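*Asks:* Okay, here's the prediction I keep looking at, along with the sequence it came from:
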Amino acid sequence: MFFEYISYKLNLIKYILFGLFFVGIATRAFSQTNRISWEYNYHHFGIKNGLPSSESYQVYQDKSGLLWILTDRGVIRYDGFEFHKYTIENGLSDNVNFRVVEDPNGGVWFVGYNGLLSVFKDGEMQVYKYNQLLKKALPLGKNTNISISVKKDNSIVYGVFKKKIISVSKTGEVKDVFKRTTENGCFFEFEKELIPLKNGVTFNLDTIFIVKDNKRFFIGKLSFSGTTRAKKHKGHYFVMTDLKLFFSDHQQFNLIPENQEVISLDCDSRFLYVGLYKNGLKKYRFNPKTKKLILVQHYLPNYSVSSACTDMNGTLWLTTLDKGLFAIYDEAFKQLAINGVNLTEEVRFINGNKNKIIITHYVGKWQQLYAPFLCKDVGKMVYKYNLVPVKNGFTFQRNVVDWSGWKDVDASCIINPIYATDTCVSGTDKTAGEIVEIKKHSTVFHGINRLNKTKLIGPYLWFRITSNNKIFILYDDGLFVFDIKKSRINPNYRAVLKKSITQLKYHKEWGLLAYSSSEGLFCVDIETEKYVRFEKNNEIGNQISTVFFDEKNRLWVATEKGLFSLVKKNGHIKIHSFLNKSLLSSVEVTDIYVYKNILYLTTKLGVQKIDLLKVKKTMKGCPITVFSVRAFSRNKEVPQKKIFPAQTDLIKISLSNKNLDKQNSYRYRFGKAQTWIKSDKGEINLNNPTNGEYQLEVSYFDSENNWSKSSFLTTFTVEKVIFLRWYFILLYVVLVIVLFYIILKLSIQSVNKKNYMLNRMMELEQMALSAQMNPHFIFNSLNSIHSFLLYEENENAERYLLRFAKLIRQTLSNSRATYITIEEEYETLKNYILLESMRFKNKFTFEIECNFNQLPLYPCIPPMLIQPYVENAIIHGLAKRTVGAELLVKFYVEEELLKVLIQDNGIGYVESKKNKRDTGHKSYGTQITEERLKSLQANTKNAYSVSINSFDESNKEFPGTCVILTIPFPK
C-alpha cells in the first residue's frame with residue numbers, strides 16, 4: 001500500500017509538472033518575458049572614426065583641454081573636431097606608448113615601449129633630447145613598467161621597475177636618485193606620480209615603504225609582480241600588481257577580491273577607476289572614514305578597459321584593448337536595452353502609472369519596463385487602442401487582446417478608453433456610436449448618432465467632457481463644442497478652433513490644451529469657449545509632437561526645437577530647455593513620461609531614460625579655443641605669430657573644443673561688418689589674406705540649440721606691402737611737402753623778383769617824375785630871385801636864397817626815397833609856401849594844419865605829391881586877388897586813409913583853367929602829378945584819388961578851389 005501510495009503521488013506530480021510545462025509554453029508563446037536594462041549612451045571611436053587602431057592603452061586630457069589617446073600605432077591628439085596622429089615620422093620616439101604625464105609647464109610626455117621619451121610642447125611633438133643618456137644609464141628594452149615624473153625646471157625622474165631610478169637635469173646631468181635603498185619595495189612619491197622600485201628577488205612578502213622628501217613611511221607588506229601601478233586617492237594608497245588590486249590602510253595591504261585580472265588603475269578627486277580584463281571598468285567611491293570602496297557603476301562589462309579619464313567637462317573617456325575609445329558625455333542619459341541589445345525600433349507611445357511603465361513599439365506590441373518585464377506582440381492593428389493608467393494599473397478595451405498574465409492591466413473595459421479621472425473612465429464605443437463614462441456605480445452613455453447628421457468631417461477620437469455639461473470633440477475640421485442635456489449630446493455645435501489639431505489634453509492647473517504638429521499649442525477656456533495661442537509658441541516652436549503633465553504640475557512639451565519643461569507660478573510661465581540632441585538616439589520624440597524627476601522619451605530609434613537631477617550643466621563660456629595660428633608664404637611657414645608679412649599666401653587657424661563632444665558646430669567672422677560663416681571643422685583657412693587687422697570672433701551652437709554669445713579668440717595682423725606702409729607713406733608725404741616747398745619757394749622767388757622789378761620800375765618812374773618836378777620848381781624859384789635882384793631887394797633876395805637852399809636840400813633828399821614821413825612833407829610844404837609868399841610880396845596868408853597825434857605810427861606818403869596842388873592854388877588861384885587871399889593846407893585821417901585838403905579863396909578852378917587855355921600856359925606840375933597818381937594806383941592797387949570842387953559857389957568873383965587828395969598809408 002505504501003509503495004502504491006508513493007507511485008500515485010509520483011504520477012500526480014508528473015502530470016502536474018507536464019501541465020505546468022504546457023501552460024508555460026502556451027503562456028510564453030503569447031506573453032514573453034524579456035531582460036530589460038538601461039545602458040549608457042556610449043559614443044564609440046574606432047578605426048571608422050579616425051583612430052589608427054582599436055588597441056588603445058591610455059587616455060589623458062592636458063591642461064589646455066586636448067585629449068591624448070595612446071595606441072599601438074601612434075599617439076592621437078583629439079581637439080574636439082578631429083584626430084591628429086603622431087608617429088616616429090613626426091616626432092615620436094616609438095609608435096607604441098603606454099604612459100603619458102604632464103609637466104607643470106604644460107608639456108605632455110610619452111613613454112615609448114622602447115623606454116625612450118617624447119614630449120609635445122609649443123604645438124610640436126619632439127624626441128626627448130637626452131634619450132641617449134637614458135640608454136646609457138639604464139638597460140632599456142621592451143618594457144611596459146616604466147614611470148616618470150617631470151619637475152617644473154624640466155628635469156625628470158625616470159624609474160624602471162626592478163632596475164633603478166635616475167634623475168636627468170635640464171642640462172643633461174644624470175644621477176641615481178636612491179643608491180642605498182635597503183627596502184624590498186618602495187614607492188617614490190613625486191608630485192602626483194608614484195614610481196615603484198623593487199630590490200632583488202624575494203620569496204616572501206616585500207616590505208613596502210613610501211619615500212617622500214627623503215622620509216620613509218611604512219604602508220604594509222606586499223609581493224610585487226608583473227606590471228605595478230599605484231595611486232594616491234583621498235590620502236590612501238591603492239596598488240595594482242599581479243593583476244590584483246590592493247588597498248593600504250597604512251598598516252597592511254588588503255586585497256579587494258571582487259576585482260580579478262586588473263589591468264588599469266586611475267583616479268580623480270571623486271572616484272577610483274579599476275579597469276578589468278574582459279570585464280569592463282568599475283567606478284568606486286572611497287570612504288576614508290570606513291575605509292571601504294563603494295561600487296558606483298560598472299561600465300562596458302564585455303570589454304578590456306585599459307584606462308579611464310574624466311575631462312574638465314565631466315565626460316568619462318575609456319580606452320579598451322579591443323574596441324578603441326568610448327565616451328560617456330552625460331551619465332544622466334541612458335538607452336533602453338532588451339536582452340542586452342540597445343533598442344533601435346520606433347516606439348510611438350509610453351504610458352505610466354507612477355513606477356509602472358509600458359511602451360508601445362508599434363500598434364499591437366507592448367513592453368513592460370518593470371518586473372517581470374512582460375512583452376506582448378499580437379501583430380499590427382489598424383485601429384489605435386489606448387492603454388490608460390487607472391488607480392494602480394492600466395485599463396484596456398476587452399476582447400481586443402488577451403492580457404492574461406499581466407496583473408496590472410485590466411482588459412475588461414467595455415470601451416476604448418481615452419482618459420481617466422478620479423471618478424470615471426471616459427472612452428468611445430465605435431460599434432454603438434456612443435461616448436461612454438464609466439463611473440464607480442454607473443455607466444453613462446452619451447448618444448452621438450445624431451451628430452453624424454452634422455457637416456463635421458472625420459472620426460472623433462479625442463474629446464473632453466467638462467464639469468459644466470459640455471463636451472469638446474476633435475474633428476478633421478478642428479475643435480467643436482456641444483452641450484449635454486440629460487446625457488444626450490445636442491447636435492447643435494459651436495466652432496471653437498478651426499485648425500488642424502492633433503490631440504486634446506486637460507490639466508486642472510493648465511486647463512484644456514489643444515496642439516498639433518503644424519499649428520502649435522493653444523489654450524482653450526472651457527467657460528467662454530475661446531482659445532488663445534500659447535504665448536510662448538515663438539520660443540518653443542509650432543511643431544508640437546506631444547505634451548505631458550507630471551506629478552509636479554510641470555508641462556513637458558516636445559517640439560521641433562527640442563524638449564521644454566514649463567512651470568507656472570503666480571500666473572507667470574518659466575521655460576527651461578535642456579535637451580541635448582547629440583545625446584539622444586533620435587531627435588524625433590514621439591511621446592513623453594515623467595515621474596520623480598526621471599524622464600522617459602520614446603523616439604523613432606528606441607527609448608531614452610534621463611535622470612533630471614544628474615543632467616550635466618553646460619560649460620560656461622566659449623569652449624572653443626585657438627590651438628595655433630600658422631602662416632605660409634610660397635609654401636614655407638612664416639615664423640611670426642601675431643604679425644604676418646604682406647606676401648602671406650595662407651593662414652591656418654587650428655581650433656580645439658573643450659567640450660570634446662559631438663556638439664561642435666560653430667560660426668565665425670573676422671569683423672562685425674562681415675557675415676557669419678558656419679562650420680564644424682577644426683581648421684579655418686584664409687587664402688591670400690588682404691592686409692589689415694583680423695579679430696576672430698566665434699559663437700558656438702550650445703546644447704539648448706541656440707547660438708551663444710560671441711567671443712573673441714585671437715587677433716593677428718597681415719602687413720601691407722612695403723611701399724604702402726606708414727613710414728613709406730610718411731616718406732611720400734615728406735617728399736611731396738619738400739617738392740611742394742621747393743616749387744613754392746622758386747615760385748615765390750620768381751614772383752618776388754618780378755614784384756621787385758615792378759616796384760623798382762615804379763620807384764624809378766616816381767623818381768623820374770619827381771625829377772621832372774624839380775626843374776619846374778627851380779625854374780619858378782630862380783624867376784623869383786631874379787625879380788628880387790631886378791628891383792634891388794637884396795635883403796629879400798638873401799633871405800629867399802637861404803630858404804631856397806634849404807628847400808633844395810629837402811627836395812634832393814626826398815627825391816631819392818619812395819616814401820617820406822608826413823613831418824618831412826610838412827616841412828617841405830611850409831618852406832615852399834614861405835618862399836612863394838615872399839615872391840608874391842605877402843599878398844596871401846596861409847595856414848598848415850596837422851595833428852600828428854591822430855596819425856598812425858610812422859605814417860609815410862610819396863614825396864612831392866601835394867606840392868603841385870599847393871602851387872596851383874597860389875599861382876593860378878590867389879595870384880589875381882590883391883586883398884584877402886587865403887590858403888589852407890590841412891592833414892587829417894578818415895576811414896584809415898590820409899586826407900589832404902588844399903583850399904584857397906581865389907578865382908576858382910573853372911576860371912583858372914580858362915585862363916590857362918586863353919594864355920596857352922601848360923601846367924606841367926599837375927600833369928606830372930596825375931601821371932604819378934595813375935602809376936601808384938596801378939602798381940600798388942591802393943585807393944589814391946583826387947577830388948577838385950569850388951570852395952564857395954555863391955561867390956561869383958572868387959569862388960575858390962577845394963582839392964581833397966586821398967593817400968593810403970603804405971603797408
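*Replies:* Yep, that arrived.

*Asks:* can I see the domain layout of this protein?
*Replies:* As given by automatic domain parsing, the domain ranges for the chain are 227-331, 624-724, 745-968.

*Asks:* okay, the ones you listed in JSON lines with distance to residue 86, mean neighbour count and mean pLDDT next?
*Replies:* Heads up, the C-betas are built off the backbone N, CA and C, glycines and all. Below are these laid out as JSON lines (distance: least, C-beta to C-beta, whole Å; neighbours: other C-beta atoms under 10 Å; pLDDT from 0 to 100):
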{"stretch": "domain 227-331", "distance to residue 86": "16", "mean neighbour count": "18", "mean pLDDT": "92"}
{"stretch": "domain 624-724", "distance to residue 86": "14", "mean neighbour count": "16", "mean pLDDT": "86"}
{"stretch": "domain 745-968", "distance to residue 86": "69", "mean neighbour count": "16", "mean pLDDT": "79"}
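
*Asks:* need the contact list for the closest residue to residue 435 other than its chain neighbours.
*Replies:* Here the nearest residue to residue 435 in space, its sequence neighbours aside, is residue 446; by C-beta to C-beta, 6 or more residues apart in numbering that works out to 4.4 Å. The contact partners of residue 446, by C-beta atoms under 8 Å, 6 or more residues apart in numbering, come to 434-437, 465, 471, 484, 487-489.

*Asks:* related to what we said a few turns ago, turn the domains of the chain into CSV, columns for distance to residue 615.
*Replies:* Listed next are the domains of the chain as CSV, based on distance: least, C-beta to C-beta, whole Å:
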stretch, distance to residue 615
domain 227-331, 7
domain 624-724, 10
domain 745-968, 81
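
*Asks:* now for the ones you listed, which one comes closest to residue 598?
*Replies:* With C-beta to C-beta as the criterion, residue 598 lies closest to domain 227-331 of these, at 13.7 Å.

*Asks:* Can you measure across the closest one, start residue to end residue?
*Replies:* When the termini of domain 227-331 are compared using C-alpha to C-alpha, to the nearest Å, they are 31 Å apart.

*Asks:* same thing with stretch 569-581?
*Replies:* Termini of stretch 569-581 sit 28 Å apart (C-alpha to C-alpha).

*Asks:* swap in stretch 633-646?
*Replies:* Using C-alpha to C-alpha, the end-to-end distance of stretch 633-646 comes to 9 Å.

*Asks:* Stretch 243-251 now?
*Replies:* One end of stretch 243-251 to the other measures 22 Å (C-alpha to C-alpha).

*Asks:* picking up where we left off before, buried subset of the contacts of residue 446?
*Replies:* 434-437, 465, 471, 484, 489 (16 or more other C-beta atoms under 10 Å).

*Asks:* For the stretch 401-550 of the chain, which residues score under the pLDDT cut-off?
*Replies:* Scanning the stretch 401-550 of the chain for pLDDT under 70 picks out the ranges 449-459.

*Asks:* In the strand or helix carrying the residue nearest to residue 435, which residues are buried?
*Replies:* Here residue 446, judged by DSSP states H and E, is contained in strand 443-447. By 16+ other C-beta under 10 Å, the buried positions in strand 443-447 come out as residue 446.

*Asks:* The nearest residue to residue 589 once chain neighbours are set aside: what secondary structure?
*Replies:* Once flanking residues are discounted, residue 589 sits nearest to residue 558: 4.0 Å by C-beta to C-beta, 6+ apart. Three-state call for residue 558 (DSSP: H, G, I helix; E, B strand; the rest coil): strand.

*Asks:* Good, wrapping up.
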